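**Student:** Sharing a model prediction with you, sequence too.
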Amino acid sequence: MKLSDLEQFNPITVQCHDNPDADSIGSGFGIYRYFMQRGKTVRLIYSGRNRIHKANLLLMVDKLEIPIEYVEDRTEKIEGLLITVDCQHGAGNVSGFLADHVAVIDHHQIEISDLEYQEIHSNLGSCSTLVWRMLCEAGYPLNEDRILSTALYYGLYSDTNQFAELFNPLDMDMRESLDCDMSLIRLFRNSNLSLQELELAGVALIRHIYNNDYQYAIIKAPPCDPNILGMISDFLIQVDEVKSCIVYNEINEGIKLSTRSCIKEVDASELASFVCGDIGSGGGHLEKAGGFISMGLYERDYPTLHTEAYFSQKMNEYFDNTQIIYAREYEPDVSQMKKYSKKPVILGYVRTTELYPEGTSVTLRTKSGDRDIRTSGELYIMIRPDGEAYSRRKESFEGRYQEAQIVYDGRYGVDKYAPTLKNKEDGTTRVLTEYAKACMPKKDVYVYAMELTGTVKVFTLEDEEHYSVGRAGDYLVVQCDDLHDLHVVSKNEFDRIYTKIEE
């Protein structure tokens with residue numbers, strides 16, 4: 001769905017979820033500004049039991065002059081089009097107004113799926129990011145609207161625990177592109193917590209679950225601002241016996257959580273994604289991450305399990321069923337593997353020194369996150385057909401790939417993010433697909449592979465500080481000419497790239 005699809009309606013009412021937070025207000029304000037610019041009659045509303053009362057939100061509404069209205073009468077009929085933002089019409093966290101037509105713009109798990117107009121991307125850290133993308137696609141002049149840019153920035157800032165739980169590349173792109181009033185952001189940030197919430201954090205720390213075998217801790221906090229969860233988890237991970245932790249609380253629409261890790265064998269982002277599973281979404285950074293679980297989906301799948309038992313169960317499952325492989329030390333048993341060759345699939349490749357000088361500190365941004373590297377004549381970046389990118393040593397590239405005599409053409413949408421290389425020294429960014437050349441595997445390159453029956457984390461030769469994860473059904477792939485050069489490949493990607501050699 002595009003914003004232009006909704007321009008046929010008038011009037012338009014934009015609704016934030018009940019007890020709106022900064023992301024709901026900011027994203028709702030973005031949709032409001034767009035349709036005001038298009039000459040529509042527009043309202044920005046919210047409802048529910050409570051009016052906005054938190055100091056930071058009152059400041060946000062006042063300083064940015066956001067015309068949000070509280071509607072007490074929930075029986076009011078909405079004329080024209082109703083757009084629910086950061087929530088889904090009919091879900092439990094938003095008052096259900098009757099309306100002639102309904103549209104949904106949200107970044108949570110899909111709960112209501114029978115609407116004609118909806119744009120839902122649960123992989124994004126904030127709804128503000130989704131609105132930003134839709135505004136950019138619609139040609140809205142965000143660079144001329146500093147007030148709206150500030151609202152969207154603060155929405156993302158708040159929903160990702162001050163960027164600690166930022167994980168989607170589009171979230172990162174928005175953060176870096178918006179020209180906002182940082183003095184107002186500081187004002188909002190320093191008015192975020194109350195004395196009562198500070199006391200709640202202290203009480204929550206007293207009661208915790210600790211697992212000595214795996215050295216993890218779990219804390220259930222009372223209902224509070226999501227940033228409190230980050231503050232508690234930041235404190236908890238400093239305890240010497242705690243190597244990873246989850247701090248969470250239950251709110252009306254779901255479960256908000258923060259994860260932390262201080263060991264490389266547990267990526268906080270991957271842990272958050274794992275515990276949220278198919279009933280939520282999560283991500284962030286290596287050390288700090290967060291997530292959200294839909295209460296409706298949780299109660300559907302775990303109707304009799306209280307949340308502390310759920311998180312203990314998921315954490316034990318996470319550690320019990322995981323094998324960790326350090327490629328440099330691992331000796332694979334190839335007698336248990338089958339031999340494969342690569343299909344003539346077209347990939348992209350870029351020599352890093354063709355984009356920036358030797359030794360430049362850069363960030364490789366892909367749909368799976370950011371990696372900091374230094375450009376080198378010995379370092380190439382490969383681009384898979386699905387848009388994922390990874391580094392490859394020159395020697396490895398030249399031994400296994402050859403140039404394809406065609407022009408490389410990589411095109412990706414919002415869910416297949418075009419990877420970029422950002423110069424950390426001057427801030428410039430290069431979209432890799434614009435510089436890549438086409439290559440394909442050589443015919444005489446073979447691998448051993450085996451289907452995984454459980455979870456495997458692999459620290460490859462190229463990156464010994466960050467692991468890649470393979471789950472049951474995926475494949476462990478070992479290069480025949482170097483048994484220490486191994487990695488995991490998803491089932492779909494494996495079937496598309498490799499073909500079995502019949503013996």
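**Tutor:** Done, it's in. Residues are numbered from 1 along each chain as shown.

**Student:** Any idea how many residues pack against residue 190?
**Tutor:** Applying other Cβ atoms under 10 Å, we find 11 other residues in the vicinity of residue 190. The way it works is simple: take the backbone N, C-alpha and C, and place the C-beta from them, glycine included.

**Student:** wait, residue 466
**Tutor:** 15.

**Student:** check contacts around the closest residue to residue 300 other than its chain neighbours.
**Tutor:** Distances taken as Cβ to Cβ, 6 or more residues apart in numbering put residue 279 closest to residue 300, at 7.9 Å, once the chain neighbours are dropped. Neighbouring residues of residue 279 by Cβ atoms under 8 Å, 6 or more residues apart in numbering: 109, 293-294, 297-298, 300-301.

**Student:** tell me the pLDDT at residue 279?
**Tutor:** According to the prediction, residue 279 has pLDDT 90.

**Student:** Likewise for the one 10 residues further on?
**Tutor:** Note on residue 289: pLDDT of 84.

**Student:** helices or strands up against the strand or helix carrying it?
**Tutor:** Assigned by DSSP states H and E, residue 289 belongs to strand 288-294. In terms of contacts (3 or more Cβ pairs under 8 Å, 6 or more residues apart in numbering; DSSP states H and E), strand 288-294 is packed against helix 226-236, strand 254-261, helix 268-276, strand 280-284.

**Student:** go again using 7 Å as the cut-off
**Tutor:** strand 254-261, helix 268-276, strand 280-284 (3 or more Cβ pairs under 7 Å, 6 or more residues apart in numbering; DSSP states H and E).

**Student:** mean confidence score for the very next helix or strand once past it?
**Tutor:** Next along the chain after strand 288-294, taking DSSP H and E as the criterion, comes helix 295-301. The average pLDDT for helix 295-301 rounds to 90.

**Student:** So which bits of helix 295-301 are buried?
**Tutor:** 295-298 (16 or more other Cβ atoms under 10 Å).

**Student:** same for it, what does it pack against?
**Tutor:** By 3+ Cβ pairs under 7 Å, 6+ apart, helix 295-301 packs against strand 254-261.

**Student:** can you tell me which of the buried residues of helix 295-301 lies nearest to residue 172?
**Tutor:** Ranked by distance to residue 172 (Cβ to Cβ), the buried residues of helix 295-301 are led by residue 297 at 27.1 Å.

**Student:** Residue 491: which of the buried residues of helix 295-301 is nearest?
**Tutor:** For the buried residues of helix 295-301, the nearest to residue 491 is residue 297 (24.3 Å; Cβ to Cβ).

**Student:** Verify the contact between the closest one and residue 109 for me.
**Tutor:** Yes. Between residue 297 and residue 109 there is a contact at 6.1 Å, judged by Cβ atoms under 7 Å.

**Student:** By mean pLDDT, flag the weakest helix or strand of the chain.
**Tutor:** helix 195-206 (a mean of 75; mean pLDDT, DSSP states H and E).

**Student:** I would like the residues contacting that helix, please.
**Tutor:** 219, 221-222, 224-225, 228, 231-232, 235 (Cβ atoms under 7 Å, 6 or more residues apart in numbering).

**Student:** OK, contacts around the nearest residue to residue 243 once chain neighbours are set aside?
**Tutor:** Residue nearest to residue 243 in three dimensions, not counting chain neighbours: residue 215, with 4.3 Å by Cβ to Cβ, 6+ apart. By Cβ under 7 Å, 6+ apart, the contact list for residue 215 reads 241-243.

**Student:** and if you look at residue 361?
**Tutor:** 372, 374, 424-425.

**Student:** would a markdown table of those residues with secondary structure be doable?
**Tutor:** Formatted as a markdown table, these follow (DSSP: H, G, I helix; E, B strand; the rest coil):
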| residue | secondary structure |
| --- | --- |
| 372 | strand |
| 374 | strand |
| 424 | coil |
| 425 | coil |
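
**Student:** one step back: closest to residue 477 among the buried residues of helix 295-301?
**Tutor:** residue 297 (33.7 Å).

**Student:** List of residues touching the helix of greatest length in the chain?
**Tutor:** Determined from DSSP state H, the single longest helix within the chain is helix 22-37. Applying Cβ under 7 Å, 6+ apart, the contact partners of helix 22-37 are 3, 12, 14, 16-17, 42, 44, 57, 60-61, 66, 68, 83, 85-86, 105, 126-128, 131, 135, 138, 140, 145, 148, 151-152, 154-155, 158-159.

**Student:** how does it look with 6 Å?
**Tutor:** 3, 12, 14, 16-17, 42, 44, 66, 83, 85-86, 126-128, 131, 140, 148, 151-152, 154-155, 158-159 (Cβ atoms under 6 Å, 6 or more residues apart in numbering).

**Student:** And that helix, what's buried?
**Tutor:** Neighbour-count burial for helix 22-37 [16+ other Cβ under 10 Å]: 22-35.

**Student:** and if you look at stretch 260-277?
**Tutor:** 260-262, 266-276.

**Student:** Confidence-wise, which of these comes last?
**Tutor:** Among these, residue 269 has the weakest pLDDT, 85.

**Student:** That one and residue 284 touch, don't they?
**Tutor:** Yes. Counting by Cβ atoms under 6 Å, residue 284 is a contact partner of residue 269 at 4.6 Å.

**Student:** so what sits against both of the two?
**Tutor:** residue 167.

**Student:** avg pLDDT for stretch 50-59?
**Tutor:** Here the average pLDDT along stretch 50-59 is 88.

**Student:** what distance separates that stretch from the centre of its chain?
**Tutor:** Mean C-alpha position of stretch 50-59 versus that of the full chain (Cα atoms, centre = their mean, to the nearest Å) differs by 27 Å.

**Student:** Contacts for it, please.
**Tutor:** 19, 70, 188, 191-192.

**Student:** For that stretch, buried residues please.
**Tutor:** 52, 54, 56-57, 59.

**Student:** In helices only, show me these.
**Tutor:** Using DSSP H, the buried residues of stretch 50-59 in helices are 56-57, 59.

**Student:** Switch those over to CSV; also include distance to residue 118.
**Tutor:** Output for those, formatted as CSV (distance: Cβ to Cβ, whole Å):
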residue, distance to residue 118
56, 30
57, 26
59, 32
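
**Student:** residues touching residue 276, list them.
**Tutor:** With Cβ under 6 Å, 6+ apart, residue 276 has these contacts: 282, 291, 293.

**Student:** ok, 8 Å please
**Tutor:** Contacts of residue 276 (Cβ under 8 Å, 6+ apart): 257, 282, 291-293.
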